[in-house]
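Student: give me a 3D structure for the following:
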Amino acid sequence: MKPDNQEPINVIICDDHVLYRAGVKTALSSKKDIKVIAEADNGVHLLNLIKSIPADVILLDIQMPIMDGIATLPEIKKICPQTKIIMLTMVVDNSMITKLMELGANSYLSKTSDSEVIYEAIKTCYESDYYFNSLTNQALLSNLKQRNVVAPHQMAQQEVSLNEKETTILRLMCEEKSTKEIADIVELSPRTVEAIRDKLKVKTGSKTTAGLIMYAVKHKIIEEM
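Tutor: Purely as a prediction, here's the structure:
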């Protein structure tokens, strides 16, 4: 995380619609802590850009010519693994949202989202890795219900014992609280909360924060959101 009063969060917009890129860029231009450093109109263009212009956050459209966002996402992770990626689309597809989160997307927004939502998503992904909203939450829940493919022996392996502090932190993560907010609530340092989050991933066999959310839903640590 960049210290206060330091350089702004560097953002690249990748979308094949010129007017949409211009609208988002104009809206974000009023934010002093955000800087749009480049634009791309397809995945190939973007991948060439980030080799010389690294970004903190990328707004990535799913449907583009030449190379779409779905194919581009894993390639970005290979070149810039620390870059946060927010997927943009006009289509709400629960299975697609879950697939993209599993591939490494940090959030998923409708292209009809207003500028304040986009700004909040950029800030939250940069500071806390993920921005969960009604789309991502419902997709994770819906996908779990539809697939329900966890075999009995796999479920048994995931039956782990979480202490009260771990359960509380996991529940707060599901409520979209940032690391700092969780730290304040449980009266621990942000670094300690991050350590517990990493421990939770190991204990539950989850590779990502999205995986932890799915674990919490499966094991009824949270009710439907």
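Student: going forward, measure contacts and count neighbours with C-alpha atoms only.
Tutor: Noted.
Student: can you tell me the SS state at residue 207?
Tutor: Assigned with DSSP: H, G, I helix; E, B strand; the rest coil, residue 207 falls in the coil class.
Student: secondary structure element for the residue lying closest to it once chain neighbours are set aside, which one?
Tutor: Counting by Cα to Cα, 6 or more residues apart in numbering, the nearest residue to residue 207 once its immediate chain neighbours are dropped is residue 201, at 6.2 Å. Taking DSSP states H and E as the definition, residue 201 sits inside helix 190-204.
Student: alpha carbons of that helix, as CSV, please.
Tutor: Provided in CSV are the C-alpha atoms of helix 190-204 (Å, rounded to 0.1, in the frame of the first residue of the first chain):
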residue,chain,number,x,y,z
PRO,A,190,-3.5,-5.1,10.4
ARG,A,191,-0.4,-7.3,10.0
THR,A,192,-1.7,-9.8,12.5
VAL,A,193,-5.1,-9.9,10.7
GLU,A,194,-3.2,-10.6,7.4
ALA,A,195,-1.3,-13.4,9.1
ILE,A,196,-4.5,-14.9,10.4
ARG,A,197,-6.1,-14.6,6.9
ASP,A,198,-3.1,-16.5,5.4
LYS,A,199,-3.4,-19.1,8.1
LEU,A,200,-7.1,-19.5,7.3
LYS,A,201,-6.2,-20.1,3.7
VAL,A,202,-3.8,-22.9,4.7
LYS,A,203,-6.2,-24.5,7.2
THR,A,204,-9.2,-24.4,4.8
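Student: where's the residue nearest to residue 207 relative to residue 195, distance?
Tutor: 10 Å (Cα to Cα, to the nearest Å).
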